[in-house]
Structures are given as structure tokens and as C-alpha cells.
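1. Got a sequence here, can you model it:
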Amino acid sequence: MSKSKVSVQFTTILLIVIAIAVILRIVNLGSREFWYDEVLSLLLAGGQKNAYQTPGEVPVILADYKPLLSLPIENSINDIVKTIANLLKGLAAEPHPPLFFLTQHFWLRLFGNGEGAMRSLETLFSIGAIGSAYGLGSCLLGNRGGLL
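-> Numbers count the residues shown, from 1 in each chain. Model (predicted):
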């Protein structure tokens with residue numbers, strides 16, 4: 001086999017692996033229950049972190065937080081302002097980037113707060129990160145370097 005044919009096959013295999021990884025990520029968005037950190041993200045993005053109590057030494061029963069997992073009803077501008085104010089108050093002591101939670105708040109308003117909707121924003125960001133990594137790799141190392 002010639003060197004160029006092996007190179008094309010290797011590039012094709014890399015593209016197929018990336019495509020399969022992206023497809024599996026999208027297909028499995030809503031296939032499992034919320035994890036604890038996702039529940040905390042949902043509480044924070046919904047502006048309800050202040051109602052959350054840090055658990056003690058006992059295991060956490062996520063069903064206890066079910067009433068807090070629904071997004072607050074916003075029928076007026078005052079309700080929207082109140083929710084955003086609660087969100088910002090919850091972000092005050094949060095060590096994580098606030099822009100993500102603000103973005104997630106508006107994302108959840110558009111798509112709901114189910115498992116798939118909750119994880120879809122992170123999936124979109126991760127697919128964008130794959131594209132960015134490819135762009136950087138291809139600039140520095142060429143097309144195959146970007147795919148690697």
C-alpha cells in the first residue's frame with residue numbers, strides 16, 4: 001500500500017471515530033437520571049439555590065429536592081427580575097463561572113428542565129470544543145494533527 005492511501009485510511013478512521021463519539025453523546029442525553037452535580041446546577045440555574053440545604057453525613061435523597069427542580073413560573077417582568085436576582089444571589093458564593101449558569105438559565109427556559117434539555121447545552125459546548133481543538137490542531141500540525 002502506498003503511503004498516501006494509508007494516510008487517507010487513517011484520516012477516515014479518525015473522522016469516523018469522532019462522528020461516532022458525537023452521535024453517542026447526542027443519543028444518550030436523556031438516557032440516565034440526574035447526577036447530584038446536575039441537580040445542583042439545575043437549582044442554581046433556576047435561581048433556587050438558596051432553598052438548598054447542604055447535606056450532613058447522611059446520603060442525599062434527590063427526591064427530597066424534586067419540588068425545587070421545576071423552573072419558577074414567570075408571569076410578569078417582576079417575576080423574571082426576582083428569578084434573575086435569586087440566580088445572582090446563588091452565584092455570589094459559587095466558585096464556578098457565572099456565565100455558564102446564566103446561559104443555562106435561559107437555555108432551560110427555552111427547552112425545559114428534563115435530563116436531555118439540561119445536558120444539551122453542555123453537549124453543544126463539548127461539540128464546539130471538539131471543533132475548536134480540531135482548528136487549533138490543524139493550524140499547528142495540519143489536518144491529521146487536528147483530527148488527533
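2. Could you give the separation of the longest helix anywhere in the chain from the chain centroid?
-> Looking only at the chain and at elements set by DSSP state H, the helix with the highest residue count is helix 115-141. The chain centroid and the centroid of helix 115-141 are separated by 11 Å, computed with CA atoms, centre = their mean, to the nearest Å.
3. Okay, buried residues for that helix please.
-> Buried residues in helix 115-141, counting neighbours by 16 or more other CB atoms under 10 Å, are found at 115, 117, 118, 119, 120, 121, 122, 134, 137. (Glycine included, C-beta is placed from N, CA and C.)
4. now swap in stretch 141-148 and tell me
-> Counting neighbours by 16+ other CB under 10 Å, one finds that the buried residues in stretch 141-148 are 146, 147.
5. can you check stretch 24-34 too?
-> Judged by neighbour count using 16+ other CB under 10 Å, the buried positions of stretch 24-34 are 29, 34.
6. how close does the most centrally placed residue in the chain sit to residue 45?
-> For the chain, the residue whose C-alpha lies nearest the mean C-alpha position (CA atoms, centre = their mean) is residue 122; its distance is 2.1 Å. Residue 122 sits 12 Å away from residue 45, going by CB to CB, to the nearest Å.
7. This completes my enquiry, with thanks.
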